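**Q** Sequence below, structure please.
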Amino acid sequence: MKAMIFAAGLGKRLEKITENIPKALVDINGKTALHLAVEKCTDYGFNDIIINVHHFADMVEDEASRLNKMGFRISVSDEREMLLETGGGLYKARGFFDKNPFLIYNVDIISDLDLSSLYSFHIKNNGLATLAVRNRPGNRFYLVNESGLIRGWTNKLTGEKILVGAVSEKLTEIAFSSMHIVEPEIFDFMNEGIYTMTAQYLKLAGEHNIYTFKHDEGFWADIGTPENLEQVRKYFDN
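**A** Okay, the predicted model is just below:
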C-alpha cells in the first residue's frame, strides 16, 4: 500500500535545533524522525512511500537514499522551488498513487496508533477520507457531529470558525492527529496551488463524507517544539 509522508516543513518552532538540519532529520534516540515515520508506515503495510522535500532538501534526499539501501522503498516529490503546504504538496505527488486508499503521515508525529485499525475503519465507512483525531490541548480543532463527520473547524486563539454541512447539528471539538487515510478520488476535487489539507477537507465536507477516527488511548506527540522533542525521547527510553 502507498503512503505520503509530509517531510518538507521548516521546523521553526524547534529554534536552534533546526538551524542546520531539517525537522525530518532531528535525532530521536539514534534514529531520524524520517526513519521512525518510514518504519511506522512500513510496519503497517504502507511500504511504498513518497516524501516531499523543501527545507535542506539535499539532506533529506540523502537520508531517503540511506533508508532505501536498508530495504525501504521511498520516492521523492521535489518542492525545492516552492513549499506547497500539505494540500498542494499532495496534489503535486498525485501521479505516485494508484486506485487504492492511501495513508498520509506527518514526519513530526510519534504515536502508537494501530494504523490498521484506522484503515479498517475507513474501509468500513466508505468515506472520501478518514482522519485520526483525539482529545488533547490545542488551539485548532475540527468540529464533528455525533457520527464523527467533519462539519467545521475553529481556531480558539483567533476566534475563527468555519462551518459546513448541516450547521444545526450538535458539534464537538476534536484535535487532528496528522494521520489520515484518503481515497484517490480526492484528486478529482483538487487543483495545483498552495493550500492545506484542512482547507481541502472543509471545502469537501459539505457534500462528501469526511470521517474522524478517535484514538484517545495510547501515546501521541509531535516533535514540533524542544519540549515535545524531549518528551518523545523520554518515551523511547522507557
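
**Q** can we go C-alpha only for contacts and neighbour counts from here?
**A** OK.

**Q** Can you tell me the SS state at the residue of the chain most remote from its centre?
**A** Centroid-distance maximum for the chain: residue 168 at 29.4 Å, with C-alpha atoms, centre = their mean. Classification of residue 168 by DSSP: H, G, I helix; E, B strand; the rest coil places it in coil.

**Q** For it, give its distance to residue 174.
**A** Distance from residue 168 to residue 174, counting by C-alpha to C-alpha, to the nearest Å: 18 Å.

**Q** what residues does the lengthiest strand in the chain touch?
**A** Scanning the chain for the longest strand, with DSSP state E as the assignment, gives strand 172-182. By C-alpha atoms under 8 Å, 6 or more residues apart in numbering, the residues outside strand 172-182 that reach it are 101-106, 109, 118-119, 122, 128-138, 140-146, 220.

**Q** so where's this protein uncertain?
**A** Scanning the chain for pLDDT under 70 picks out 166.

**Q** mind listing what residue 7 touches?
**A** By C-alpha under 8 Å, 6+ apart, residue 7 lies in contact with 23, 24, 34, 51, 52, 53, 106, 107, 108.

**Q** now, which of those lie within strands?
**A** Judged by DSSP E, those include 51, 52, 53, 106 as members of strands.

**Q** just curious, which of the contacts of residue 7 is nearest to residue 198?
**A** Ranked by distance to residue 198 (C-alpha to C-alpha), the contacts of residue 7 are led by residue 106 at 13.5 Å.

**Q** Export the contacts of residue 7 to a markdown table and append columns for distance to residue 159 and neighbour count.
**A** Shown next, in a markdown table, are those (distance: C-alpha to C-alpha, whole Å; neighbours: other C-alpha atoms under 10 Å):
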| residue | distance to residue 159 | neighbour count |
| --- | --- | --- |
| 23 | 29 | 28 |
| 24 | 31 | 30 |
| 34 | 34 | 27 |
| 51 | 33 | 27 |
| 52 | 32 | 27 |
| 53 | 32 | 26 |
| 106 | 26 | 23 |
| 107 | 28 | 26 |
| 108 | 26 | 24 |
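
**Q** hang on, the earlier thing: would you indicate which residues of the longest strand of the chain are buried?
**A** Buried positions in strand 172-182, judged by neighbour count with 16 or more other C-alpha atoms under 10 Å: 173, 174, 175, 176, 177, 178, 179, 180, 181, 182.
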